[in-house]
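**Student:** Sequence and predicted structure below; questions after.
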Amino acid sequence: MSEMAATDPEGIDGVRMTWNVWPRTKVEASKCVIPITASISPIRAHPDITTLPYAPLRCKTCTCVLNPFCRVDFTAKIWICPFCYQRNHFPHHYSMISETNVPAELYPQYTTIQYSLSPYPEFSTEPAPPSSSPVFVFVLDTCLLEEELEFARSALKQAIGLLPENALVGFISFGTQVQVHELGFSDMSKVYVFRGSKEISKDQILDQLGLSAAGKRPGTGFPKGVQNGFSNSGVTRFLLPASDCEFTVNSLLDELQTDQWPVQPGNRPLRCTGVALSVAAGLLGGCLPGTGGRIIALVGGPCTEGPGTIVGKELSEPVRSHKDLDKDAAPFFNKAVKFYDALAKQLVSQGHVLDLFASALDQVGVAEMKVAVERTGGLVVLAESFGHSVFKDSFKRVFEDGEQSLGLSFNGTLEINCSKDIKIQGIIGPCTSLEKKGPGVADTVVGQGHTTAWKMCGLDKSTCLTVFFDISSSEKSNPSGTLNPQLYLQFLTSYQNPEGQMKLRVTTVTRKWVDSALGSEELVQGFDQETAAVVMARLTSLKMEDEEGFDATRWLDRSLIRLCSRFGDYRKDDPSSFTLNPCFSLFPQFMFNLRRSQFVQVFNNSPDETAYFRMVLNRENITNAAVMVQPSLISYSFNSLPAPALLDVASIAADRILLLDSYFSIVIFHGMTIAQWRNMGYQNQPEHQAFAQLLQAPHDDAQMIIRDRFPVPRLVVCDQHGSQARFLLAKLNPSATYNSAHDVAAGSDVIFTDDVSLQVFFEHLQRLAVQS
């Protein structure tokens with residue numbers, strides 16, 4: 001158990017909190033500086049989670065589910081809810097329970113347990129209902145170069161081959177117009193064309209496709225409607241099982257040409273991404289509302305036509321930059337965001353997901369589409385080309401089965417129950433507020449708030465959400481004798497798994513209340529530095545997007561100074577006396593790296609890249625997100641085993657290989673001497689086998705990282721003083737710069753920067769933290 005705990009900080013519950021002991025009052029909570037949050041992975045896989053073949057037992061007042069923390073009276077057959085103290089009678093089918101015969105949901109180790117809500121497949125002879133088949137509508141951009149279209153074609157063919165046989169497939173291509181392909185009409189290819197220049201309502205789309213109640217053509221003779229168990233004609237015309245339409249789609253892809261609409265010299269191609277996504281959403285909503293469906297969009301350039309346009313047609317007009325957005329000089333931005341916001345609401349109400357695969361050298365509008373992807377829980381991948389491994393390998397991973405599968409699930413709903421005095425401010429992450437009011441809703445909102453229930457149209461094994469809590473009790477509301485020393489939180493996630501069955505995952509956790517006014521020792525011991533760093537990164541990103549003129553660096557600095565003043569040990573006005581408890585000692589370094597990261601320093605990144613980085617930061621688990629904030633560095637050399645190295649320019653040496661993992665890219669960096677030996681081919685000589693192994697080791701480790709990661713990271717292999725060495729140097733602490741070049745070790749390196757180093761940052765922090 002202890003080994004597992006060491007490697008898996010989230011345990012069976014998949015929950016990590018910034019503070020594992022909670023302050024009693026609102027005032028004490030605000031003195032903690034770092035917000036009280038829980039990061040949850042609602043359907044993370046774990047070997048110890050049991051699935052029960054029956055429905056859960058709920059409390060009659062607060063609807064919380066029976067769990068190991070309930071007090072049970074076995075003789076009277078009564079259980080007391082730990083959230084609202086309501087006494088509930090066990091129903092008749094629990095009459096056999098006793099101290100020695102306890103149902104699984106009361107076992108103390110099953111704080112997380114799963115219930116099967118669909119009829120249990122093992123005991124049912126019925127075939128699975130067709131509505132539980134997942135639906136995939138592929139939307140392909142054809143305003144591409146021929147070779148790019150060829151890469152996209154082969155990726156789509158491979159994907160359709162990997163889909164389960166019962167999955168339904170639809171296909172839409174778009175350029176200047178949108179083409180909806182009727183796959184069920186196999187005699188010849190039949191296409192419905194929509195104009196790309198104006199917005200179309202859902203009703204108009206259904207009308208034109210012949211799917212609205214009025215537009216359905218009366219069939220003659222035998223009603224063809226009930227084919228394959230579907231009663232809806234649209235399903236048999238536009239959405240077909242993968243096994244039936246693989247040949248049709250493949251031949252359709254082979255015939256597909258790049259968009260033939262003439263492009264004037266000096267102009268961008270006319271591309272109507274917005275209309276294409278509207279049509280896809282309308283098609284899914286008309287055929288299969290409420291079932292698990294994904295729109296998978298492959299986009300190769302900016303939208304220049306119709307709703308969702310992000311840039312004008314002329315190439316002389318550049319795509320918006322961060323500077324333009326700050327100065328309100330991006331004329332298309334707000335209108336496009338408003339369009340995608342409406343699309344997000346439509347998709348959420350239908351229960352469908354938008355996945356975005358953007359591959360282009362220029363921006364394609366990820367910043368505008370972010371709202372629709374994030375609100376529906378979609379996946380996002382940003383690459384330079386459809387031929388790049390970042391796109392190809394990530395796209396393949398989406399459809400793979402077995403160990404590598406992402407575990408894509410649909411139609412999730414999350415509900416949260418809390419003890420009295422705890423209120424929920426909101427959630428940062430891939431979900432949408434269901435506006436379910438109740439006593440547990442806080443006045444202040446962070447992210448998706450005003451609710452105790454959220455919709456997650458799409459979720460997978462690694463989806464992670466950050467829940468922000470507020471302590472509502474102002475002062476001791478009741479005499480200390482009756483205070484419950486424990487607080488309880490319960491997370492209820494219902495979802496449709498990849499096999500189409502409905503499951504309910506119930507996680508109940510408890511933590512201790514502490515009166516921090518009396519002393520902060522327990523509070524300090526319960527601080528989780530890694531989680532706190534990631535939560536600060538997520539909160540900063542949110543504030544940078546939502547608050548006008550927000551100065552992120554200054555806000556982070558002030559928070560860190562307040563935290564160090566509150567929890568550091570020091571004599572007033574004596575910086576040399578300052579020490580930090582080990583529970584906090586890594587946190588300043590995390591903040592130093594966060595200030596320099598791409599989440600805060602948007603200079604040199606396009607708005608699309610920034611939006612992409614933030615979407616991935618908000619949906620990954622704490623361990624992965626911590627690597628985005630503070631990359632890991634491993635050093636390989638002849639005289640020692642591979643070992644972690646300081647993220648510092650001093651770690652560079654001529655006879656070392658470094659492996660940097662910054663989540664989105666992995667860098668293998670060869671020192672000067674190693675690179676020279678490699679160029680001379682020493683590794684191919686039998687007497688230098690050790691050198692060959694040294695060269696291979698970081699590549700093997702990099703492949704291990706790449707195999708388990710989504711989106712697949714970019715692999716950069718470079719040499720010291722080479723042009724691509726910048727990928728490593730940009731992440732290192734500049735302890736040696738061109739100003740201090742005189743005392744640099746031979747074979748090491750300097751960084752040409754005026755940024756402060758970690759040491760200087762620490763000195764300033766100590767000085768400011770001890771100020772009276």
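**Tutor:** Received, thanks.
**Student:** P53: neighbour count?
**Tutor:** 11 (other C-beta atoms under 10 Å). C-beta here means a position set from N, CA and C on the backbone, and glycine is covered the same way.
**Student:** likewise the one 10 residues further on?
**Tutor:** By other C-beta under 10 Å, the residues close to T63 number 14.
**Student:** residue contacts, it?
**Tutor:** N417 (C-beta atoms under 8 Å, 6 or more residues apart in numbering).
**Student:** Checking my notes, it in a helix, right?
**Tutor:** No: the assignment for T63 (DSSP: H, G, I helix; E, B strand; the rest coil) gives coil, which keeps it out of a helix.
**Student:** tell me the pLDDT at it?
**Tutor:** pLDDT recorded at T63 is 92.
**Student:** Please report the distance of it from P56.
**Tutor:** T63 is 10 Å from P56, where distance means C-beta to C-beta, to the nearest Å.
**Student:** Remind me what the helix or strand hosting V178 packs against, helices and strands.
**Tutor:** Per DSSP states H and E, V178 falls inside strand 177-181. Judged by 3 or more C-beta pairs under 8 Å, 6 or more residues apart in numbering; DSSP states H and E, strand 177-181 is in contact with strand 168-174, strand 191-195, helix 273-287.
**Student:** Out of those, which gets nearest to D755?
**Tutor:** helix 273-287 (38.1 Å; C-beta to C-beta).
**Student:** quick one: contacts of the next helix or strand after that closest one?
**Tutor:** Scanning forward in sequence from helix 273-287 by DSSP H and E, the next helix or strand is strand 293-299. Strand 293-299 has contacts (C-beta under 8 Å, 6+ apart) with 134-141, 152, 155-156, 273, 276-277, 280-281, 284, 347, 350-360, 364-365, 378, 386, 398, 408, 410, 458.
**Student:** most centrally placed residue in this structure?
**Tutor:** R619 (2.0 Å; C-alpha atoms, centre = their mean).
**Student:** For the closest residue to that residue other than its chain neighbours, give me its contacts.
**Tutor:** In space, and not counting its chain neighbours, R619 is closest to P430: 4.9 Å by C-beta to C-beta, 6 or more residues apart in numbering. In this structure, P430 makes contact with 374-378, 456, 458-459, 463, 465, 615, 618-619, judged by C-beta under 8 Å, 6+ apart.
**Student:** Could you measure from P430 over to T376?
**Tutor:** On the measure of C-beta to C-beta, P430 and T376 end up 8 Å apart.
**Student:** With I422 instead?
**Tutor:** 28 Å.
**Student:** Please identify which of these two sits among more neighbours.
**Tutor:** Neighbour totals were compared for I422 and T376, and T376 leads with 29 against 21 (other C-beta under 10 Å).
**Student:** coming back round to it: any idea how far the residue nearest to the centre of the chain is from F90?
**Tutor:** For R619 relative to F90 (C-beta to C-beta), the value is 39 Å.
**Student:** Now do stretch 655-669: distance to the chain's middle.
**Tutor:** Relative to the centre of its chain, stretch 655-669 is centred 23 Å away, using C-alpha atoms, centre = their mean, to the nearest Å.
**Student:** just stretch 543-559 next, same as before
**Tutor:** 22 Å.
**Student:** now it: mean pLDDT?
**Tutor:** pLDDT averaged over stretch 543-559 gives 96.
**Student:** show me where pLDDT drops low in the stretch 651-772 of the chain?
**Tutor:** Along the stretch 651-772 of the chain, the model assigns pLDDT under 70 to residues 739-746.
**Student:** what about the helices in it?
**Tutor:** 672-679, 689-707, 726-729, 758-769 (DSSP state H, counting those that start in this stretch).
**Student:** how about the second one: buried residues?
**Tutor:** Within helix 689-707, the residues scored as buried using 16 or more other C-beta atoms under 10 Å are 691, 694-695, 697-698, 701-702, 705-706.
**Student:** do the shortest one as well
**Tutor:** Burial within helix 726-729, assessed by neighbour count using 16+ other C-beta under 10 Å, is assigned to 727-729.
**Student:** Look up how far Y85 lies from the closest residue to C70 other than its chain neighbours.
**Tutor:** Among residues not flanking C70 along the chain, W79 sits closest, at 4.6 Å (C-beta to C-beta, 6+ apart). W79 sits 11 Å away from Y85, going by C-beta to C-beta.
**Student:** out of these two, which sits in the busier spot?
**Tutor:** Applying other C-beta under 10 Å to W79 and Y85 shows that W79 carries more neighbours, namely 23 against 13.
**Student:** quick one: contacts of the one helix or strand the more buried one maps to?
**Tutor:** Using DSSP H and E, the element containing W79 is strand 78-80. Here strand 78-80 makes contact (C-beta under 8 Å, 6+ apart) with 57, 66, 70-73, 86-90.
**Student:** cool, stretch 456-464 as well?
**Tutor:** Residues contacting stretch 456-464 (C-beta under 8 Å, 6+ apart): 39-45, 294, 347-348, 351-353, 355, 376-379, 406-414, 429-432, 493, 495, 619-622, 624-625, 710.
**Student:** let's go with 6 Å and repeat that
**Tutor:** Contact partners of stretch 456-464, identified using C-beta atoms under 6 Å, 6 or more residues apart in numbering, comprise 39, 41, 44-45, 351-353, 376-378, 406-409, 412, 431, 619-621.
**Student:** hmm, back to that, would you agree the residue nearest to R619 falls within a helix?
**Tutor:** No: P430 is assigned coil when assessed by three-state DSSP, not a helix.
**Student:** Tell me where the protein is predicted with low confidence.
**Tutor:** In the chain, residues with pLDDT under 70: 1-7, 119-131, 213-232, 474-482, 739-746.
**Student:** In it, where's the longest strand?
**Tutor:** The strand that spans the most residues within the chain, counting by DSSP state E, is strand 502-514.
**Student:** helices or strands up against it?
**Tutor:** Applying 3 or more C-beta pairs under 6 Å, 6 or more residues apart in numbering; DSSP states H and E, we find strand 502-514 packed against strand 21-23, strand 112-116, strand 486-496.
**Student:** mind running it again at 8 Å?
**Tutor:** Packing partners of strand 502-514 (3+ C-beta pairs under 8 Å, 6+ apart): strand 15-17, strand 21-23, strand 112-116, strand 486-496, helix 521-525.
**Student:** Tell me which strands the first one pairs with, and in which orientation.
**Tutor:** Same thing as strand 15-17. The strands that strand 15-17 pairs with in its sheet are strand 37-40 (antiparallel) (by DSSP bridges).
**Student:** go on, the second one?
**Tutor:** With DSSP bridges as the test, strand 21-23 is paired with strand 502-514 (parallel).
**Student:** so the partner strand versus strand 486-496, what angle?
**Tutor:** Put simply, strand 502-514 runs at 160 degrees to strand 486-496, going by axes from the mean of the first three to the mean of the last three C-alpha atoms, to 10 degrees.
**Student:** how about strand 502-514: buried residues?
**Tutor:** Across strand 502-514, burial judged by 16+ other C-beta under 10 Å covers 502-511, 513-514.
**Student:** cool, and stretch 431-451?
**Tutor:** Going by 16+ other C-beta under 10 Å, stretch 431-451 has these buried residues: 431-434, 440-442, 446-451.
**Student:** OK, contacts around the closest residue to P644 other than its chain neighbours?
**Tutor:** Setting aside the residues directly before and after it, P644 is nearest to I634 in space (C-beta to C-beta, 6+ apart), at 6.0 Å. Going by C-beta under 8 Å, 6+ apart, I634 touches 642-645, 658-659, 661, 698, 701.
**Student:** Nothing else from me, thank you.
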